[in-house]
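1. build me a model from this:
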Amino acid sequence: MTRATTVRAVLAAAVLLVSVLIALTMSPRLGLDLQGGTRMVLQAKDSDTAKADRESTDRTLEVLRKRIDSLGVTEPTLTRSGEDRIIVELPDVQDPRKAADVIGRTAQLSFHAVQGPGTPGGEGLTLPDEQDRTLALGPAALSGAGVKEASAAFDAQQGAGWSVSLDFHKDAGRDWTRLTGEAACHPVQDERRRVAIVLDKQVISSPQVSPTVACNTGLPSGSTQITGSFSADEARELALLIQGGALPVPVEIVEQRTVGPTLGAAAIDASARAALIGAAATALFITLVYRLFGALAAVALGAYGVISYAALVALGVTLTLPGLAGFVLAIGMAVDANVLVFERAREEHALRPGKSLRTSLTAGFRHAWSAVADSNVTTLIAAGLLFFLGSGPVKGFGVTLGIGVLASMFSALVIARALTETAARSRFVSDYRGVNGIASPGRVRTWIARRDPQLMRSPRRWLLVSTVLIAVAVTGILVRGVNLGVEFTGGRLVEYATSRPVDVDSARTALAGAGFGEAEVTTAGAGDISVRTGNLDNDGEHALRAALAVEGGETTKVRDELIGPSLGDELRRNALIALAIAVLVQLGYLAIRFRWTFAVASVGALVHDVIILVGAFAWLGRTVDGIFLAALLTVIGYSVNDSVVVFDRVRELWAKARKEPLSAVANRAVLQTVPRTVNTGMGALFILVALAVLGGDSLADFALALLIGIVVGTYSSVMTAVPAALLLERGSKAPPPARAPRRKPGAGQRDPLDNGARV
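-> Here you go, the predicted model:
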């Protein structure tokens, strides 16, 4: 065993050991769409006295944290997003009405002197009190920001029942003492002896100052109690509202998502089954194709799964439903590097059958490196765009996909290489072609070599086929229209499970009778009812569920998505920006790594794939939402990945045959890379079919989009990108690529069979 192989083996063992320990001792952090709960996105707004900037949003977040902590939610998460947004995640909260009510009390909490009975609509500030009697209030004497602590307590000894104790900060305490001292100067029965606590333009309490308090003396700031005939819930709610204090700026709920725990558990089970079956099918396939070396690659594939899972857990990545799908998908894509190496090793062995198996394998790793690096970089670019331009679960998919790409490279270039190089040293493996899987060219390559089809003889005919496909897709977009999800249009989408079967017509009639005649009702999942409406608040959703329960019996909310119209416009605009940036970034990278003609042709094929995928979803009537956008950006990375492999071979062959017609060179490059394209595509298709069939409704559209995209992308990388490059090269005056300088014997890389000894 050479020193390099030993280093790879030790490194692989160390990484795998650490990964196993992490996987056994640490638990993954599940997103709300997997564990169930409610996620809200709050938009901070400018007020008359403050601007919604980073500083005011941070202070608002801390106030909201106090309010949410008082709700008793287990491990809530609050984070600022951008300059003026706050993301609130509440695990296990299935009815967000109470949380939204507490969070949504966005106006300034303030304390006012009561100036006497008021007249509705009169001058100054007039508000009804708890008994609906109108009071005339003076200007705010202090705000809720001055409240240090508010708590509810039961006083059994004094017989006062439930009360609320208030403590103020130093400066606010002086204002409180002055306010109550001035109120104490009025007679006991006078309304002016009261103090009004106002939140969201509503008097939440208007206690009277105790008769024992002397005029201008006031109440101490550290031991004030509000007493009355409070119930336990009323006292706690009042303390909660006062303790929550004032928000520096008002906030608006622009997005709200609720997922039932059963849906999340079902998604995890379905994804696990899809991963096991898809990975097993992929491993069996590469074993059948590449025999022993394929089996060793399957072992490395299993190691990849452990390493990538451990990386997700160790980095504390929140695993969302799309992220889980990305983890499963990356298993299928992880075979790509192995396939590239093995196919190149087959070519090297066929060209030099007298060389040892280990020499062919080493040459395969060396020659496949540029294609492996470029193809994985393009996928990493797509993953990065998903993370930086996506939102919510889409970010999780980008992180998972990025980690999967890095782990797959380590699996192929370190683990699989160490295993295959060790096996290649065996004389038994080297001598028997039916065992190693490298010494024989393979059925696909043999068939292609025998037929030798001239695919690039007339490139225009392939571009005509692509033009027809684009025309069909555009027709679908124009005729059928794109069914944008609520994520892009705004509105509310709620999915319910009922104890009694309810058909769509009955559900539609029941909802129309309750005043929801414009609601769009469809079936979802195994007999579930999906309802899509325009703007609908939480009270409206509660009424909608009650109306549906009349027909369906016990009605459980499975999924709930609320997107504000302004956020829908923004997400739709950001989706287009993300696609434009993806195209430009891929174009720039390819132009640097290849010729500009190759870059433009690859991006043209990429745009071709995007249009056809959107058109296919338009014809099928499928929903285009954020998850579809994640699939679309993944297809972009996959499409460019395939084009990179083909053009890398074109560049290599053209540099060796600079005087040969480019069409002949391109045809040979295409035929040489077809086995890799077919085998890699099969690996991904096994996973995606398993996701589509076993992944449940939550992943069905995602898997379908990727299935269509990978099939179309595989076609376009050969039959659209290469013909387009040939036509562009006809008008280009750039010379062929320079041939790489030949290495002198003994310089650079040493023969892998040479141990370096000299006599």
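2. quick one: residue 247 is in a strand?
-> No: with DSSP: H, G, I helix; E, B strand; the rest coil as the criterion, residue 247 is coil rather than part of a strand.
3. looks to me like residue 154 is in a strand.
-> Yes: residue state for residue 154 (three-state DSSP) corresponds to a strand.
4. OK, contacts around the residue nearest to it when sequence neighbours are not counted?
-> Distances taken as CB to CB, 6 or more residues apart in numbering place residue 162 nearest to residue 154, at 5.4 Å, with adjacent residues excluded. Quick note: C-beta positions are derived from backbone N, CA and C, even for glycine. Contact partners of residue 162, counting by CB atoms under 8 Å, 6 or more residues apart in numbering, are 152-155, 230-232, 234-235.
5. recalculate using a threshold of 6 Å.
-> 154, 230, 232, 235 (CB atoms under 6 Å, 6 or more residues apart in numbering).
6. which of those residues fall in strands?
-> With DSSP state E as the criterion, strands contain 154, 230 from among the contacts of residue 162.
7. which one of the contacts of residue 162 is nearest residue 298?
-> Nearest to residue 298 out of the contacts of residue 162 is residue 232 (CB to CB; 62.1 Å).
8. pLDDT score for the closest one?
-> pLDDT for residue 232: 82.
9. what do you get for the one 5 residues further on?
-> As summarised for this prediction, residue 237 has a pLDDT of 75.
10. so what's the residue count around residue 170?
-> Neighbours of residue 170 under the rule other CB atoms under 10 Å: 10.
11. quick one: it from residue 176, how far?
-> Distance from residue 170 to residue 176, counting by CB to CB, to the nearest Å: 11 Å.
12. now do the SS call for the residue nearest to residue 154.
-> Secondary structure state of residue 162, per three-state DSSP, is strand.
13. go on, the one 5 residues further on?
-> Following three-state DSSP, the label given to residue 167 is strand.
14. which residues does it bridge with?
-> Taking DSSP bridges as the rule, residue 167 bridges to residue 149.
15. and the gap between it and residue 570?
-> On the measure of CB to CB, residue 167 and residue 570 end up 41 Å apart.
16. re earlier: so how far is residue 238 from the residue nearest to residue 154?
-> Counting by CB to CB, the gap from residue 162 to residue 238 is 9 Å.
17. please enumerate the shared neighbours of those two.
-> Counting by CB under 6 Å, 6+ apart, nothing touches both residue 162 and residue 238.
18. the stretch 101-250 of the chain: strands as residue ranges?
-> Using DSSP state E, counting those that start in this stretch, the strands of the stretch 101-250 of the chain run over 110-117, 125-128, 134-143, 147-155, 161-168, 195-199, 202-205, 224-230.
19. pick the most deeply packed of those strands.
-> Scoring these by mean neighbour count under mean count of other CB atoms under 10 Å gives strand 195-199 as the most buried, with a mean of 23.
20. so for residue 258, what's the nearest residue that isn't a sequence neighbour?
-> With CB to CB, 6+ apart, the residue lying closest to residue 258 is residue 560, at 3.7 Å.
21. sorry, back to before: can you check which of the strands of the stretch 101-250 of the chain gets nearest to residue 439?
-> Among these, if distance is taken as CB to CB, the winner is strand 147-155, at 78.5 Å.
22. output the contacting helices and strands for that closest one.
-> On a contact count with 3 or more CB pairs under 6 Å, 6 or more residues apart in numbering; DSSP states H and E, strand 147-155 meets strand 161-168, helix 232-244.
23. how about stretch 647-662: buried residues?
-> Within stretch 647-662, the residues that count as buried by 16 or more other CB atoms under 10 Å are 647-654, 662.
24. whoops, stretch 431-444 was the one
-> 435-442, 444.
25. can you check stretch 729-741 too?
-> 729, 736-737.
26. same check on stretch 505-522?
-> Buried, per 16+ other CB under 10 Å, within stretch 505-522: 506-508, 510-511, 516, 519, 521.
27. and for stretch 585-595?
-> Residues of stretch 585-595 classed as buried: 585-587, 589-591, 593-595 (neighbour count, 16+ other CB under 10 Å).
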